[in-house]
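Chemist: have a look; sequence and predicted model below, questions after that.
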Amino acid sequence: MARHRATKILATLGPASSQREQILVLAQAGVNVFRLNFSHGSHADHQQRYAHIRSVEKELGKPLGILQDLQGPKIRIGVMPQGAREIKAGELLRFNADEPDQLKADDIPFPHADIALELAVGHVLLIDDGKLKLRVTAKQDVAFEAEVLVGGMLSDRKGVNLPDTPLSLSSLTRKDREDLAFGLALGVDWIALSFVQRAADVQELRGLVGHRAGIMAKIEKPQALRELNEIALAADALMVARGDLGVELPAEDVPTWQRKIIEVSRRHGKPVVVATQMLESMISTPTPTRAEASDVANAVYAGADAVMLSAESASGAYPLEAVQTMARIVARAEQEEIPAILKTRAGQEPDRAALIAAALHASSALMPMACAVTYTTSGTSALRVAQERARLPHIGLTPHVQTARRLCLAWGVQPCLSQDAASVEGMIDSAIAAAKSMGYYHSRKPMAVVAGLPFATAGSTNLLRFVWPEALAGSRETPASPSAMMQTRMKTPYFASANVE
């Protein structure tokens with residue numbers, strides 16, 4: 001049997017991992033989806049990386065997903081006329097969003113007039129990833145005063161987080177729209193939307209993307225937590241973006257919210273990624289800390305579909321070692337009997353696909369199986385089976401390369417391209433061939449096939465068929481471990497079939 005790792009790995013490409021040979025070894029080490037971070041790099045840089053990924057995909061003969069991560073609205077202070085300065089607790093600072101020639105000598109430029117208008121007395125400002133903390137004490141149009149609560153060095157262009165301020169501005173900036181058009185023209189598989197606050201942000205992006213790519217909502221704002229269910233319903237996947245979320249929330253709240261975001265994603269049947277600082281020390285060292293290893297394993301135990309590397313693979317000194325380390329931690333964690341994976345049900349609405357997936361999950365617990373093969377057009381049936389977290393290899397068989405690439409993100413799904421099915425027998429033949437080619441076929445265990453009739457119709461999942469190995473077809477020899485009742489039904493290669501109309 002081929003080795004099977006269910007939890008997927010995302011790796012960010014950057015200066016340390018942009019060459020074709022580097023991308024090849026990362027894919028061979030276990031990367032399933034590559035992230036193009038549009039906060040950095042030019043369109044030409046990303047186009048070259050995209051071309052390298054597709055070239056590597058062709059060489060390896062397996063689908064690879066590509067995630068375009070949009071920058072989103074970045075709030076920064078401007079260039080300080082007096083240069084960098086140290087600010088101390090108790091000091092009062094005046095920020096001003098007026099034109100530069102209207103600023104007073106000691107004003108700190110804040111080039112976001114629309115945001116300044118939405119600030120209120122009592123709102124907190126976190127500057128430079130939370131190293132500096134201030135609270136608004138007075139407001140006058142687009143200028144405001146703030147008291148320093150935690151001091152330090154303040155310098156040009158430092159980022160600002162506003163955890164108390166609901167912002168009416170769109171999550172899509174002008175730059176994001178230009179980047180989005182470029183990414184869609186390239187053919188990216190997923191779009192990650194930064195700084196989502198409400199479901200309407202996702203719906204705005206959906207209006208631009210349609211179904212050309214999956215939409216991943218990055219949960220990194222406290223405001224998003226208030227609409228988490230609605231955002232999960234509007235998006236195709238969620239990301240626990242712990243960077244900005246960890247700045248805007250108290251550190252002790254982040255683990256709890258990570259668990260809740262994963263639970264909401266599972267309940268709605270949407271893939272979920274845990275990201276940021278997972279193996280942070282490996283940016284500069286070849287081995288992780290024990291705490292980082294536990295962090296990755298705990299994401300697996302919680303039921304995440306994927307874990308992500310950021311600077312570790314993009315700009316670190318050991319990108320390959322980081323991927324190899326993450327793959328080993330994931331594989332070891334998946335050897336455990338994990339209640340979140342084995343027992344927690346997805347909880348989505350009980351449509352036909354959910355019933356079939358639940359039946360497969362129950363069957364796999366009753367009888368050892370070689371693998372499950374989901375014949376899918378849009379990817380929905382494969383995602384439903386994945387969300388049940390059955391402990392067996394799962395091949396997502398599809399005639400559409402876009403679907404195969406998108407399924408690279410889903411827990412346990414090994415996407416595989418096939419021809420369009422013209423009949424149930426042809427579909428079964430394709431499933432057997434895929435299982436054999438991927439090393440999941442077993443001469444003494446059945447395999448389960450999930451599909452929909454009529455073929456090539458999205459959302460038509462209504463068939464669960466168990467395929468018995470040719471060596472035992474019609475044999476009365478006792479198979480691996482089926483009950484006596486099951487043995488009486490093994491008179492043909494198809495010993496059980498469920499059809500839900």
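Modeler: Yep, it's here. Numbering: from 1, shown residues only.

Chemist: can you pull out the helices in the stretch 101-250 of the chain?
Modeler: In the stretch 101-250 of the chain, helices defined by DSSP state H, counting those that start in this stretch lie at 113-118, 174-186, 199-209, 222-226, 228-234, 242-248, listed in chain order.

Chemist: ok, the most centrally placed residue in the chain to Ala27 distance?
Modeler: If you average the C-alpha coordinates of the chain and look for the closest C-alpha using CA atoms, centre = their mean, you land on Val273, 3.4 Å from that point. If you measure Val273 against Ala27 using CB to CB, to the nearest Å, the figure is 18 Å. Placement of C-beta: from N, CA and C, glycine included.

Chemist: repeat for Thr289
Modeler: To Ala27, Thr289 is 26 Å away according to CB to CB.

Chemist: need the helices of the stretch 101-250 of the chain in CSV with distance to Ala370, can you?
Modeler: Written out in CSV, the entries for these read as follows (distance: least, CB to CB, whole Å):
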stretch, distance to Ala370
helix 113-118, 57
helix 174-186, 37
helix 199-209, 38
helix 222-226, 41
helix 228-234, 33
helix 242-248, 38
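
Chemist: same list (the ones you listed) but as a markdown table, adding mean pLDDT, mean neighbour count and distance to Asp107.
Modeler: Formatted as a markdown table, the helices of the stretch 101-250 of the chain follow (pLDDT from 0 to 100; neighbours: other CB atoms under 10 Å; distance: least, CB to CB, whole Å):
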| stretch | mean pLDDT | mean neighbour count | distance to Asp107 |
| --- | --- | --- | --- |
| helix 113-118 | 93 | 16 | 12 |
| helix 174-186 | 97 | 16 | 26 |
| helix 199-209 | 97 | 18 | 32 |
| helix 222-226 | 95 | 19 | 28 |
| helix 228-234 | 97 | 19 | 37 |
| helix 242-248 | 93 | 20 | 25 |
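
Chemist: which among these is found nearest to Gln324?
Modeler: Across the helices of the stretch 101-250 of the chain, Gln324 has its closest neighbour in helix 242-248 (22.5 Å, CB to CB).

Chemist: immediately after the closest one, which helix or strand?
Modeler: Scanning forward in sequence from helix 242-248 by DSSP states H and E, the next helix or strand is helix 254-267.

Chemist: may I have that next one as PDB, with CA atoms only?
Modeler: The C-alpha coordinates for helix 254-267 follow below in PDB (Å, rounded to 0.1, in the frame of the first residue of the first chain):
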ATOM      1  CA  VAL A 254      -6.000  32.700  19.600                       C
ATOM      2  CA  PRO A 255      -5.900  28.900  20.400                       C
ATOM      3  CA  THR A 256      -9.600  29.000  21.300                       C
ATOM      4  CA  TRP A 257     -10.600  30.800  18.200                       C
ATOM      5  CA  GLN A 258      -8.500  28.500  16.100                       C
ATOM      6  CA  ARG A 259     -10.400  25.600  17.400                       C
ATOM      7  CA  LYS A 260     -13.700  27.300  16.800                       C
ATOM      8  CA  ILE A 261     -12.900  28.300  13.300                       C
ATOM      9  CA  ILE A 262     -11.900  24.700  12.500                       C
ATOM     10  CA  GLU A 263     -15.200  23.500  14.000                       C
ATOM     11  CA  VAL A 264     -17.300  26.000  12.000                       C
ATOM     12  CA  SER A 265     -15.500  25.000   8.800                       C
ATOM     13  CA  ARG A 266     -16.100  21.300   9.500                       C
ATOM     14  CA  ARG A 267     -19.700  21.900  10.300                       C
END
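
Chemist: looking only at pLDDT, what's the mean for it?
Modeler: Rounded to a whole number, the mean pLDDT of helix 254-267 is 95.

Chemist: what about that helix, distance to the chain center?
Modeler: Chain-centre distance of helix 254-267: 13 Å, with CA atoms, centre = their mean, to the nearest Å.

Chemist: ok, now stretch 155-167?
Modeler: For stretch 155-167 - counting by CA atoms, centre = their mean - the centre lies 25 Å from the chain centre.

Chemist: quick one: end-to-end distance for it.
Modeler: 24 Å (CA to CA, to the nearest Å).

Chemist: any buried residues in that stretch, and which?
Modeler: For stretch 155-167, the neighbour count (16 or more other CB atoms under 10 Å) marks Lys158, Val160, Asn161, Leu162, Pro163, Asp164, Thr165, Leu167 as buried.

Chemist: of those residues, which belong to strands?
Modeler: For these, membership in strands holds for Val160, Asn161, with DSSP state E as the criterion.

Chemist: may I see the buried residues of stretch 155-167 arranged in TSV, with distance to Gln203 and pLDDT as well?
Modeler: What follows is these, written out as TSV (distance: CB to CB, whole Å; pLDDT from 0 to 100):
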residue	distance to Gln203	pLDDT
Lys158	32	93
Val160	27	95
Asn161	24	95
Leu162	23	95
Pro163	24	94
Asp164	25	93
Thr165	22	93
Leu167	17	89
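
Chemist: any idea how far Asp129 is from Gly246?
Modeler: The value you get for Asp129 to Gly246, if CB to CB is used, is 9 Å.

Chemist: what's near enough to touch the closest residue to Leu134 other than its chain neighbours?
Modeler: Once flanking residues are discounted, Leu134 sits nearest to Ala146: 4.0 Å by CB to CB, 6 or more residues apart in numbering. The neighbours of Ala146, taking CB atoms under 8 Å, 6 or more residues apart in numbering as the test, are Leu92, Leu93, Phe95, Leu125, Leu134, Arg135, Val136, Thr137.

Chemist: repeat that for 6 Å
Modeler: Ala146 makes contact with Leu93, Leu125, Leu134, Val136 under the criterion CB atoms under 6 Å, 6 or more residues apart in numbering.

Chemist: please parse this structure into its domains.
Modeler: Domain assignment of the chain by automatic domain parsing yields the ranges 8-72+170-337, 85-161, 352-499.

Chemist: Leu193 is in contact with Gly72, correct?
Modeler: No. Assessed by CB atoms under 6 Å, Gly72 is found out of contact with Leu193, at 7.2 Å.

Chemist: list the residues that contact both of the two?
Modeler: Counting by CB under 6 Å, 6+ apart, the residues touching both Gly72 and Leu193 are Ser171.

Chemist: Met239 and Ser378: what is the separation?
Modeler: 22 Å.

Chemist: ok, which of the domains of the chain comes nearest Gly78?
Modeler: domain 85-161 (2.9 Å).

Chemist: so what's the gap between the closest one and the chain middle?
Modeler: Distance of domain 85-161 from the chain centroid (CA atoms, centre = their mean) equals 34 Å.

Chemist: quick one: end-to-end length of that domain, please.
Modeler: Counting by CA to CA, the length from the leading to the trailing residue of domain 85-161 is 20 Å.

Chemist: same question for stretch 235-247.
Modeler: The separation between the terminal residues of stretch 235-247, taken as CA to CA, is 24 Å.

Chemist: what's the distance between the residue nearest to the centre of the chain and Asp305?
Modeler: Counting by CB to CB, the separation of Val273 from Asp305 is 7 Å.

Chemist: neighbour count: Met239 and Ser378, which is higher?
Modeler: Met239 (30 against 19; other CB atoms under 10 Å).

Chemist: so how far is Arg174 from that one?
Modeler: 23 Å.

Chemist: repeat that for Ser55.
Modeler: 32 Å.

Chemist: likewise for Gly214?
Modeler: With distances defined as CB to CB, the gap from Gly214 to Arg174 amounts to 23 Å.

Chemist: before we move on, what about Ile191?
Modeler: Counting by CB to CB, the gap from Ile191 to Arg174 is 16 Å.

Chemist: go on, Leu36?
Modeler: Taking CB to CB as the measure, Leu36 falls 19 Å from Arg174.

Chemist: also Ser313?
Modeler: 29 Å.
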